[in-house]
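[1] got a sequence here, can you model it:
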Amino acid sequence: MLMPHTRNLRCLPVMFAATVAAGLASAAPPEAAAPAICHAVSGPRTMPLIELFTSEGCDSCPPADRWLSAHFPPHFPPQFPYRLAAPPVLALAYHVDYWDRLGWRDRFASARFTQRQNDVMAANGASFVYTPQVVVQGRDVPGWNRGRVDEAIAAVERRPPRADIALDVTAGTDALQLRATANVKDPISRKRAALWIAYADSGHVTQVGAGENRGARLRHDHVVRSLYGPFPVDANGESRVSMHQKAPDESGATPRVVAFVQDMMNGDVLQALAVTDCR
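    This next block holds a predicted model:
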């Protein structure tokens, strides 16, 4: 569904290989438990990043929400050793706020995410935004429900990664300590690249009481709760970030921290990385 909304540009990336060290000293009481420490580094594969722009106030968005959950489930199938294996694709769902004025306030919506969509569309040379919108590696994919996302993912995987990322997450009682480093290989790309960090979770359910989806029961996965950046890359191609992420109100399941490097001029995601369920 189209909405008259314009502005400028910016985008994202992702990749995963995690080692988890968490524990309880065998004789220690529960209150003495060591914090979970999760570490991930990007590898030789470019990780595809799927971004969905959606809203609970848009009647054409629920099919896209269901599609995202079905095609990119937040949990690995049981046969995967989840904490030790990389997901084949990373997904993020941004709830935009420009539908809030039409009868239903989406509690996950943010002007920050609307700005990100405006930036994405400016990078794609578009003069408007719309929902639902699916973006792969910073590029608009209007035929997302006709198999074009698979084609876009295949194209991403044929390209070598253009950045390296390392991500450390330490889980405290009510917050995560995040540390991310990125290195951009190409000297020209360094001048335009920046690091982003997103925190997302899944398993949210809403009973919509007004607006275009009145009466509908909606489920949301990969919901972006916080987005940080852009953190510029220096002349040596490096960017280093350290921050706290407090547990959001109404925390969901399968929390995930995603770090990605993006070309801020053309929107290309150079690489992405994630740590999932570190607690």
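[2] go ahead and confirm Ile165 touches Val257.
    No. The pair Ile165 / Val257 is not scored as a contact, 11.4 Å apart, by CB atoms under 8 Å. For the C-beta atoms, the positions are set from N, CA and C on the backbone; glycine is no exception.
[3] more neighbours, those two?
    The neighbour count for Ile165 versus Val257, taken as other CB atoms under 10 Å, is higher for Ile165 (29 against 24).
[4] torsion angles phi and psi at that one?
    phi -130, psi 140 (degrees, to the nearest 10).
[5] residues in contact with it?
    Neighbouring residues of Ile165 by CB atoms under 8 Å, 6 or more residues apart in numbering: 15, 41-42, 180-183, 195, 259-261, 271-273.
[6] again, only this time at 10 Å
    Applying CB atoms under 10 Å, 6 or more residues apart in numbering to Ile165 gives the contacts 13-16, 40-43, 47, 180-183, 195, 239, 258-261, 270-274.
[7] overlap in contacts of Ile165 and Val257?
    With CB under 10 Å, 6+ apart, Ile165 and Val257 have common neighbours Ala40, Ala180, Leu273, Ala274.
[8] you'd agree the first one is in a strand?
    Yes. For Ala40, which was evaluated using DSSP: H, G, I helix; E, B strand; the rest coil, the result is membership in a strand.
[9] neighbours around it, how many?
    25.
[10] okay, it: pLDDT?
    Confidence at Ala40, expressed as pLDDT, is 96.
[11] where's it relative to His222, distance?
    17 Å (CB to CB, to the nearest Å).
[12] bridging residues for Val135?
    Glu51, Asp140 (DSSP bridges).
[13] that one: neighbouring residues, count only.
    28.
[14] identify the bridge partners of the most centrally placed residue in the chain.
    Nearest to the mean C-alpha position of the chain, by CA atoms, centre = their mean, lies Leu92 at 3.5 Å. Counting by DSSP bridges, Leu92 is bridged to Glu51.
[15] quick one: pLDDT of it?
    Reported pLDDT for Leu92: 98.
[16] look up how far Asp106 lies from Glu250.
    Looking at Glu250 against Asp106, where the rule is CB to CB, the gap reads 13 Å.
[17] give me the more crowded residue out of these two.
    Using other CB under 10 Å as the criterion, Glu250 and Asp106 rank with Asp106 on top: 23 against 10.
[18] from Val205, how far out is the more buried one?
    13 Å.
[19] overlap in contacts, these two.
    With CB under 10 Å, 6+ apart, Asp106 and Val205 have common neighbours Leu218, His220.
[20] quick one: which of the shared contacts of Ile165 and Val257 is most hemmed in?
    Ranked by neighbour count (other CB under 10 Å), the shared contacts of Ile165 and Val257 have Leu273 at the top, with 31 neighbours.
[21] for that residue, name its beta-bridge partners.
    Judged by DSSP bridges, the bridge partners of Leu273 are Ala259.
[22] my guess is it contacts Leu90. True?
    Yes. The pair Leu273 / Leu90 is scored as a contact, 8.3 Å apart, by CB atoms under 10 Å.
[23] for the residue nearest to Pro255 when sequence neighbours are not counted, which three-state class applies?
    Nearest residue to Pro255, sequence neighbours excluded (CB to CB, 6 or more residues apart in numbering): Asp201, at 4.6 Å. Secondary structure for Asp201, judged by three-state DSSP, is strand.
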